[in-house]
Structures are given as structure tokens and as C-alpha cells.
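In: Just a sequence and a predicted model for now, questions to come.
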Amino acid sequence: MGRVFVVGSLNVDSVVRVERHPSPGETLMGGDLTTFWGGKGANQAVAAAQAGADVVFIGRVGDDTEGAEYRTRLASRSIDVRPLTVTRGVSTGHAMIAVADSGENTIIVSPGANARVTIDDLEVLRGVGGVSTTDTVFDSEPSGITKDDVLLASLELDFDVVSEAIRIAAGAGARVVLNLAPFAVLDAEVLALADPVIVNEHEAEQLRASGAAPDSLLVTLGSEGSRWADTDVAASRVAEVVDTTGAGDTYCGTLAARLAAGDDRRQAMEAASAAAARSVGWLGAQPA
């Protein structure tokens, strides 16, 4: 079974409920502040680990309490966090979310350490870097990415970093799974290296409007299931929807894990669909 290398973001999500969103200059009283662990990269890494993959996480946290707690959280799920660099003098990424009684939300993201991830941080993909081994259960440095592994990336980091990670992984013969979210279009030669590019229905429309046409495209269709080329998989049945936050990330992480384990398209999509259905049964993007 191959590993899943995740190049991605980590955010601490602070959520408050309000009756309505304030007007400019207005102060409103809200409900209790609730904190969740988030960030597309971390959400996907947790999902991949839950699906049985050996996961290596490449990214950055700040030298704050939240960063230390996040590293511990991921390591407790057997995710190799040695390439998760602590950046001095910078906060861990945060998202401030206000949810109105109508269900509409507003989100302000402070990327913090996520914005400091550089191409130099990708050296672990090549098998070099001298990462720390003091705070995980791993005894030796992770070897570079190989043809048996999968790279999973999304777009909450600098696009040049994501593109270079894809080139390194593809050059090593690894499979690349690219979640084109938040939506943006990378160079055509980078998109062509991904198998698959994953988008939801709205992102698929944006992709078509951009004129980009990835060779391998997987579209998630919510309750209608998902489609990868000529492979269609129905959505798994959901008994009760508590929170849809992170369902897409769960799908991506599980799909990458199952592809790394050797599943074919249909098998991987079915496992991803089932995991996404389970994920809407808890609050927040990640399980407790």
C-alpha cells in the first residue's frame, strides 16, 4: 500500500452564531464561540488516515498554542507531521465564521503560516530535508515520494508551491490527486499531470467557463453522487445531516487513500462516497 503525501493548509475555525449579519460599523451580540479544527489540507489528511493510509503532511503552523495542539492532534492519528514546519513569529491559520439564523455564513480567513509555505518545504518529496523526529512515533525520516504513493493537494496554499509539488510527484511516477478548491485554474501542463482533478458542481461550471479541460476530471454532485469520466457512482444514503462542512474534503482524502491502496476508480469512489456520507453526521470538518 502506498502512502498519501498531503501538501495543504491547516486552519483553526472559530464559529459564532448570530441572528443576522451586521451592517458595516454595527456591533451585534452573538452566541457562544465554538472552535473546530479545519483547513482543507488537514481535513483531507485526517480523512485519508481514517481510510487506512499512511499519511505524510507537508505544510506550516505558527509557533502558537494552536499550532502545537494541531501537530499533536494530527500525530495522534498516526499522521507523519515531521514535514509540518513550525514558523516562528507567525500565527497558525485561522478562519472566523459567522453563521446567521438564515443559515448564511460569512468567513474571513487569516492564512497565517499557510502563506509561508514555500517550494523549499517540498524537499521532503525528494527525500531530503532533515526533518525533526522528536515529537512523533516515527524513527526515521520519510523517504521521498515514489511511484507507489499518491500526492493530494488543494489550493489554499501558494499556487506556485502546489504546482511544483505536482511536478515533483509526477516526475517520481506518483499519482497526483488535485482538488481544485478554492477554485482557481493552474497551468494546463500542471492540470494534465493530475489523475484526477476533483471539483464540485459549481467548480465544474467555473472550470468550463475558463476553457480548461483536464484529461482526468472527477465531479462530485452532492446527493446525485459523483462522476469520473465514464464511471458514475451514486451518493451513499445519509440518515441525518448534522453539518456538511468538510464532506468534500472527506471525499478527497478517502479517494486518495483508496487509490494508494490499489483500488480501481469505482471502488475508490464508492469508499469516498460512503465516508463523505458519514462525515455529515458530526459537527465540524473533522471527527472529534
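Out: Yep, it's here. Numbers count the residues shown, from 1 in each chain.
In: For Tyr251, see how far away Ala268 is.
Out: 10 Å (Cβ to Cβ, to the nearest Å). Using the backbone N, CA and C atoms, a C-beta is placed for each residue, glycine as well.
In: Asp121 too?
Out: 26 Å.
In: Settle it for me: which of the two has more neighbours?
Out: Tyr251 (27 against 21; other Cβ atoms under 10 Å).
In: Can you spell out which helices and strands pack onto whichever helix or strand that one is part of?
Out: Counting by DSSP states H and E, the element that carries Tyr251 is helix 247-260. Other helices and strands packing on helix 247-260, by 3 or more Cβ pairs under 8 Å, 6 or more residues apart in numbering; DSSP states H and E, are strand 3-7, helix 40-50, strand 150-153, strand 175-179, strand 197-200, strand 217-220, helix 265-279.
In: Help me confirm that Ala213 is found in a helix?
Out: No. According to DSSP: H, G, I helix; E, B strand; the rest coil, Ala213 belongs to no helix; its state is coil.
In: Tell me who's in contact with it.
Out: Residues near Ala213 by Cβ atoms under 8 Å, 6 or more residues apart in numbering: none.
In: Tell me how far it lies from Val197.
Out: Ala213 is 10 Å from Val197, by Cβ to Cβ.
In: Likewise for Leu122?
Out: For Leu122, the distance to Val197 - Cβ to Cβ - is 20 Å.
In: Those two: which is more packed in?
Out: Val197 (26 against 22).
In: Now do the lowest-mean-pLDDT helix or strand in the chain: which elements does it pack against?
Out: Within the chain, no helix or strand scores below strand 105-110, which has a mean of 86 by mean pLDDT, DSSP states H and E. Judged by 3+ Cβ pairs under 8 Å, 6+ apart, strand 105-110 is in contact with strand 93-100.
In: Pull out the buried positions in the strand it packs on.
Out: By neighbour count with 16 or more other Cβ atoms under 10 Å, strand 93-100 contains the buried residues 93-95, 97-100.
In: quick check, nearest of those residues to Lys147?
Out: Using Cβ to Cβ, the shortest approach to Lys147 within those belongs to Gly93, at 31.8 Å.
In: so the closest one touches Ala113, yeah?
Out: Yes. Using Cβ atoms under 8 Å, Gly93 is in contact with Ala113, at 6.2 Å.
In: Could you pull out the residues contacting both of these two?
Out: The contact lists of Gly93 and Ala113 share 10, 61, where a contact means Cβ under 8 Å, 6+ apart.
In: so which of the helices and strands packed on helix 247-260 gets nearest Ala209?
Out: strand 197-200 (12.1 Å).
In: ok, the closest one: who's next to it in the sheet?
Out: strand 175-179 (parallel), strand 217-220 (parallel) (DSSP bridges).
In: Looking at these, spot the one closest to Glu164.
Out: Here strand 175-179 is closest among the strands paired with strand 197-200 (Cβ to Cβ), at 12.0 Å.
In: Ramachandran angles for Val86?
Out: phi -90, psi 120 (degrees, to the nearest 10).
In: cool, the one 4 residues further on as well?
Out: With angles defined as degrees, to the nearest 10, Val90 shows backbone torsions of phi -130, psi 150.
In: And Tyr70, by the same measure?
Out: According to degrees, to the nearest 10, Tyr70 has phi -70, psi -40.
In: gap between it and Trp282?
Out: 18 Å.
In: So for the two, which residue has more residues nearby?
Out: Shown here are Tyr70 and Trp282; by other Cβ under 10 Å, Tyr70 has more neighbours (24 against 14).
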